[in-house]
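Trainee: my questions are about this predicted structure, shown below with the sequence.
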Amino acid sequence: MAWIWLEAALPLGIIAGMLCVMGNAQYYIHKAYHGRPKHIGNDMWDVAMERRDKKLLENISAASSN
């Protein structure tokens, strides 16, 4: 009777382990594709600031090459 909890713990451990594997797979695939970890909670302001920063860096690099 003492080992009955193992019957429930083993499948739950397998399920939890597979969820961790899937989450890590998504993280590493996204990081490999985009070159950086995913920004959690990316809202409209963050998107606008990324566009602004990209445009500023392009302008700086274009000015320094001339």
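Mentor: In hand now; what should we look at?

Trainee: next, count neighbours for residue 30.
Mentor: Other residues near residue 30 come to 13 when the count uses other Cβ atoms under 10 Å. The way it works is simple: take the backbone N, C-alpha and C, and place the C-beta from them, glycine included.

Trainee: wait, residue 5
Mentor: Residue 5: 9 neighbours (other Cβ under 10 Å).

Trainee: give me the element it is part of.
Mentor: Assessed by DSSP states H and E, residue 5 sits inside helix 4-34.

Trainee: again with residue 40
Mentor: Residue 40 belongs to no helix or strand when elements are defined using DSSP H and E.

Trainee: can you tell me the helix or strand for the most centrally placed residue in the chain?
Mentor: Closest residue to the average C-alpha location of the chain: residue 38 at 3.6 Å, with Cα atoms, centre = their mean. Following DSSP H and E, there is no helix or strand that holds residue 38.

Trainee: what about it? Give its phi and psi, please.
Mentor: phi -70, psi 130 (degrees, to the nearest 10).

Trainee: point out where this structure drops to low pLDDT.
Mentor: Scanning the chain for pLDDT under 70 picks out the ranges 1.

Trainee: now do 90
Mentor: 1-8, 34-42, 61-66 (pLDDT under 90).

Trainee: what is the subsequent helix or strand relative to the helix holding residue 5?
Mentor: Proceeding N to C from helix 4-34, the next assigned helix or strand is helix 44-65, under DSSP H and E.

Trainee: please save the CA atoms from that next one in PDB.
Mentor: C-alpha atoms of helix 44-65 as PDB (Å, rounded to 0.1, in the frame of the first residue of the first chain):
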ATOM      1  CA  MET A  44       3.200  48.300 -29.000                       C
ATOM      2  CA  TRP A  45       5.700  50.600 -27.200                       C
ATOM      3  CA  ASP A  46       8.400  48.000 -27.400                       C
ATOM      4  CA  VAL A  47       7.800  47.400 -31.100                       C
ATOM      5  CA  ALA A  48       7.900  51.100 -31.800                       C
ATOM      6  CA  MET A  49      11.200  51.500 -29.900                       C
ATOM      7  CA  GLU A  50      12.700  48.600 -31.700                       C
ATOM      8  CA  ARG A  51      11.800  50.100 -35.100                       C
ATOM      9  CA  ARG A  52      13.200  53.500 -33.900                       C
ATOM     10  CA  ASP A  53      16.400  51.900 -32.700                       C
ATOM     11  CA  LYS A  54      16.800  50.000 -36.000                       C
ATOM     12  CA  LYS A  55      16.300  53.200 -38.000                       C
ATOM     13  CA  LEU A  56      18.800  55.100 -35.900                       C
ATOM     14  CA  LEU A  57      21.400  52.400 -36.200                       C
ATOM     15  CA  GLU A  58      20.900  52.300 -40.000                       C
ATOM     16  CA  ASN A  59      21.300  56.100 -40.200                       C
ATOM     17  CA  ILE A  60      24.400  56.100 -38.100                       C
ATOM     18  CA  SER A  61      26.000  53.300 -40.200                       C
ATOM     19  CA  ALA A  62      25.100  55.100 -43.400                       C
ATOM     20  CA  ALA A  63      26.600  58.300 -42.200                       C
ATOM     21  CA  SER A  64      29.800  56.700 -41.000                       C
ATOM     22  CA  SER A  65      30.300  54.900 -44.300                       C
END
